[in-house]
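Peer 1: model this:
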Amino acid sequence: MIIVASVLGGCADTGPERPAPLVAGSGAPVIIPGGPGEPGRTARPGENLGETEARVTAADVRFAEGMIPHHRQALEMAALVPSRSSSPVLRRLAGRITAAQRPEIAAMTSWLRAAGRTPGEHDGSGGHGGHTLPLEEMNRLRAARGAAFDTLFLTLMITHHEAAVTMAGLQLREGSDRAMLATAKDVVSGQGIEIARMRDLLRPGA
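Peer 2: Now for the predicted structure:
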């Protein structure tokens with residue numbers, strides 16, 4: 001899922017919820033109607049378009065700050081596949097993971113900036129700590145080759161995806177921002193499907 005037309009921001013870590021400014025993004029154009037008899041115009045990227053009725057909460061921010069490093073680790077894992085696996089199935093899977101998660105990273109990064117946060121300045125653990133794979137597991141994956149790599153990749157990526165689904169489920173229960181809720185729904189749906197496919201690939205004779 002790619003957030004293209006707008007990004008909702010205006011959030012602090014704590015404190016009461018408040019209206020979120022609607023900010024034009026850099027994707028699909030946002031058309032602002034003109035006055036009577038006047039043509040409309042295209043909003044400039046970053047232009048404040050007023051306020052929405054949506055509310056951004058600390059839960060929304062925690063979700064984005066936790067999911068960005070989680071997605072980045074998935075991209076790192078997927079990037080290992082071409083040089084370590086000869087399986088066309090795994091190569092296609094890695095390509096799908098990259099194609100889905102790279103745009104989501106960009107969208108959530110833009111969303112955080114609009115919310116007044118600097119992506120990367122926080123450790124992303126607020127409520128989501130422990131959801132990335134430990135360094136020892138990543139090093140095992142980097143060292144593996146061939147069939148051993150394929151099995152380890154699928155095993156670790158299933159664990160990784162399950163953590164993402166857990167994070168997304170928490171966002172769906174506690175979050176309120178429409179863009180982040182939509183992202184969470186896509187994570188639950190898309191990664192749930194991939195978990196089932198990867199489990200099938202691990203079955204003997206697959």
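Peer 1: CA only for contacts and neighbour counts going forward, please
Peer 2: Noted.
Peer 1: mind listing the strands for this protein?
Peer 2: Listed in chain order, the strands of the chain (DSSP state E) span residues 6-8, 19-24, 31-32, 41-42, 48-55.
Peer 1: lowest-confidence stretch among those strands?
Peer 2: Between the strands of the chain, the one with the least mean pLDDT is strand 6-8; it has a mean of 38.
Peer 1: neighbours of residue 61, how many?
Peer 2: Residue 61 is flanked by 26 other residues according to other Cα atoms under 10 Å.
Peer 1: biggest helix in the chain by residues?
Peer 2: Within the chain, and with DSSP state H defining each element, the longest helix by residue count is helix 146-174.
Peer 1: mind listing what's buried in that one?
Peer 2: For helix 146-174, the buried set under the neighbour-count rule, 16 or more other Cα atoms under 10 Å, comprises 149-154, 156-172.
Peer 1: before we move on, what about stretch 194-206?
Peer 2: Neighbour-count burial for stretch 194-206, with 16+ other Cα under 10 Å as criterion, is recorded at 194-195, 198, 201.
Peer 1: repeat for stretch 103-120
Peer 2: Under the neighbour-count criterion of 16+ other Cα under 10 Å, stretch 103-120 has 104-105, 107-112, 114-115, 117, 119 buried.
Peer 1: so where is this structure shaky, pLDDT-wise?
Peer 2: Residues of the chain that meet the criterion pLDDT under 70 lie in 1-54, 120-130, 206.
Peer 1: okay, helices next: where are they in it?
Peer 2: With helices called from DSSP H, the chain shows them at 58-79, 81-84, 88-114, 135-143, 146-174, 178-202.
Peer 1: what does stretch 138-145 contact?
Peer 2: 77, 80, 84-85, 149, 152-153 (Cα atoms under 8 Å, 6 or more residues apart in numbering).
Peer 1: let me see the contact set for the nearest residue to residue 109 once chain neighbours are set aside.
Peer 2: The spatial neighbour of residue 109 that comes closest, neighbours along the chain excluded (Cα to Cα, 6 or more residues apart in numbering), is residue 119 at 6.0 Å. In this structure, residue 119 makes contact with 65, 109, 112-113, judged by Cα under 8 Å, 6+ apart.
Peer 1: just give me the closest of those to residue 95.
Peer 2: The shortest distance between residue 95 and any of the contacts of residue 119, using Cα to Cα, involves residue 109 and amounts to 21.3 Å.
Peer 1: against residue 55, how distant is residue 119?
Peer 2: Taken as Cα to Cα, to the nearest Å, the spacing of residue 119 relative to residue 55 amounts to 20 Å.
Peer 1: my error: substitute residue 137 in the last question.
Peer 2: For residue 137, the distance to residue 55 (Cα to Cα) stands at 38 Å.
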